[in-house]
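Participant: here's my sequence, what's the structure:
(2 chains)
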Amino acid sequence: GAVVSQHPSRVICKSGTSVKIECRSLDFQATTMFWYRQFPKQSLMLMATSNEGSKATYEQGVEKDKFLINHASLTLSTLTVTSAHPEDSSFYICSVYPTGVRETQYFGPGTRLLVL
Amino acid sequence: DAKTTQPNSMESNEEEPVHLPCNHSTISGTDYIHWYRQLPSQGPEYVIHGLTSNVNNRMASLAIAEDRKSSTLILHRATLRDAAVYYCIPPLTSGTYKYIFGTGTRLKVLA
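Facilitator: Sure thing, here's the model as predicted:
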């Protein structure tokens, strides 16, 4: 399967600061990537679809001005949590949908965000 | 949108086979059925996917019902490292390629 990396794997920040999380597809180019959030003991919740060269599309209830997504290249998408608050503490996971292989998504290892 | 139903949890003894069921009775179209698993503090790991016929790979087997309304993930010999939450992902909806995760099945493997 495709190898997907996320950076950082873990981050602790102060309330009110912004945090950027990177998602890289190491094996495939991907015009489409996805961002998920997972709270403890819950399932993954899709936040948004990251589209290379165009604006991200957000799921209902997800604030686009708070969770900024940039898909600058075919192998990199970034999620910036702006003005983070303790309730944004969560496990953020990205997935890659390889271009031309329209069957399977491959997931990154996740980024643990703790906002103090 | 297609929905899935999975048991919340299952237990298995080590070295024994495990059959994890998934009901996707609202399935339509010709999209694939995917299975993933998630170990604690990790992203989901791809296990297997299939369309109509049974599929095998090094990790597991997937048995798909003839009417495609249900499928079963088969781990032939469970090990302690197979303890995870297993997600059956319904076929992609409306051409959006989005995955909607249900609660999955938490598999506990007993030594």
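
Participant: from B:L80, how far out is B:R58?
Facilitator: Going from B:R58 to B:L80 by Cβ to Cβ, to the nearest Å gives 18 Å. In this view, the C-beta of every residue, glycine as well, is placed from N, C-alpha and C.

Participant: right, I mislabeled it, should have said A:F34
Facilitator: A:F34 is 31 Å from B:L80, by Cβ to Cβ.

Participant: kindly state the beta-bridge partners for the most centrally placed residue in chain A.
Facilitator: Ranked by distance to the mean C-alpha position of chain A (Cα atoms, centre = their mean), the top residue is A:W35 at 3.6 Å. Beta-bridge partners of A:W35, counted by DSSP bridges, are A:A48, A:C94.

Participant: check contacts around it.
Facilitator: Residues in contact with A:W35 (Cβ atoms under 8 Å, 6 or more residues apart in numbering or on different chains) are A:23, A:46-48, A:50, A:67, A:69, A:77, A:79, A:92-94.

Participant: which one of the residues in chain A is closest to chain B?
Facilitator: Nearest residue of chain A to chain B: A:F107, at 3.8 Å (Cβ to the nearest Cβ).

Participant: ramachandran coordinates for that residue?
Facilitator: Dihedral angles of A:F107 (phi, psi; degrees, to the nearest 10) stand at phi -100, psi 150.

Participant: how many neighbours does it have?
Facilitator: Applying other Cβ atoms under 10 Å in any protein chain shown, we find 25 residues neighbouring A:F107.

Participant: what pairs with it across the strands?
Facilitator: Assigned bridge partners for A:F107, using DSSP bridges, are A:S95.

Participant: would you agree it is in contact with B:V47?
Facilitator: No: with contact defined as Cβ atoms under 8 Å, A:F107 does not reach B:V47; the gap is 11.8 Å.

Participant: overlap in contacts of those two?
Facilitator: Residues touching both A:F107 and B:V47 (Cβ under 8 Å, 6+ apart): B:Y36.
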